[in-house]
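1. just the structure for this:
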Amino acid sequence: MLLNLRQIVKGKNSTYTILKELHRATDEGAVYLAQNPETENYIVKSIRSHWRLQNEAKILKLYQSKTPFIRPVVDEIVDPSDPPSIVLRYLDSQLLTESGKWRLTRPEI
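-> Down below sits the predicted model:
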């Protein structure tokens with residue numbers, strides 16, 4: 001089982017309430033909209049495969065300071081520890097949507 005709506009999960013830095021499931025990849029993983037106690041929105045990503053999640057978090061952390069177009073990792077869920085989950089900054093838009101509005105420069109790509 002992955003996470004449930006209205007479930008409160010605890011990260012290293014804050015707690016988050018799961019509000020909505022945004023995407024599910026069978027029972028292997030899901031992406032959720034969540035809020036912290038200050039009602040700020042975040043993305044919680046849960047993947048059954050711990051090594052895949054660790055690898056994704058490692059790559060995001062490596063590149064997040066180099067571009068504003070990658071959702072930065074802001075926290076890691078510690079309770080519940082299964083499924084492994086990370087917390088990403090919520091962005092109002094996606095790169096695919098923005099690329100349709102204007103031409104991206106070479107550095108942005």
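2. centre of the chain versus the helix ranked longest in the chain, how much separation?
-> As assigned by DSSP state H, the longest helix anywhere in the chain is helix 50-63. The chain centre lies 11 Å from the centre of helix 50-63; the measure is Cα atoms, centre = their mean, to the nearest Å.
3. give the contact list for the closest residue to residue 29 other than its chain neighbours.
-> Nearest non-adjacent residue to residue 29, counting by Cβ to Cβ, 6 or more residues apart in numbering: residue 47, 4.0 Å away. From N, CA and C alone the C-beta is placed, and that goes for glycine too. By Cβ atoms under 8 Å, 6 or more residues apart in numbering, the contact set of residue 47 is 28-29, 53, 56, 83-85.
4. show me the residues you listed that map onto helices.
-> 53, 56.
5. in the contacts of residue 47, which residue is surrounded by the most others?
-> residue 85 (26 neighbours; other Cβ atoms under 10 Å).
6. ok, now how distant is residue 42 from residue 89?
-> 7 Å (Cβ to Cβ, to the nearest Å).
7. quick check: neighbours shared by the two?
-> The overlap between the contact sets of residue 42 and residue 89 (Cβ under 8 Å, 6+ apart) consists of residue 74.
8. in this structure, what secondary structure element scores lowest on mean pLDDT?
-> Least confident helix or strand of the chain, by mean pLDDT, DSSP states H and E, is helix 95-101 with a mean of 56.
9. can you classify the closest residue to residue 16 other than its chain neighbours by secondary structure?
-> Spatially, and ignoring its direct neighbours in sequence, residue 16 is nearest to residue 34 (4.0 Å; Cβ to Cβ, 6+ apart). What DSSP: H, G, I helix; E, B strand; the rest coil gives for residue 34 is strand.
10. right, I'll call it a day here.
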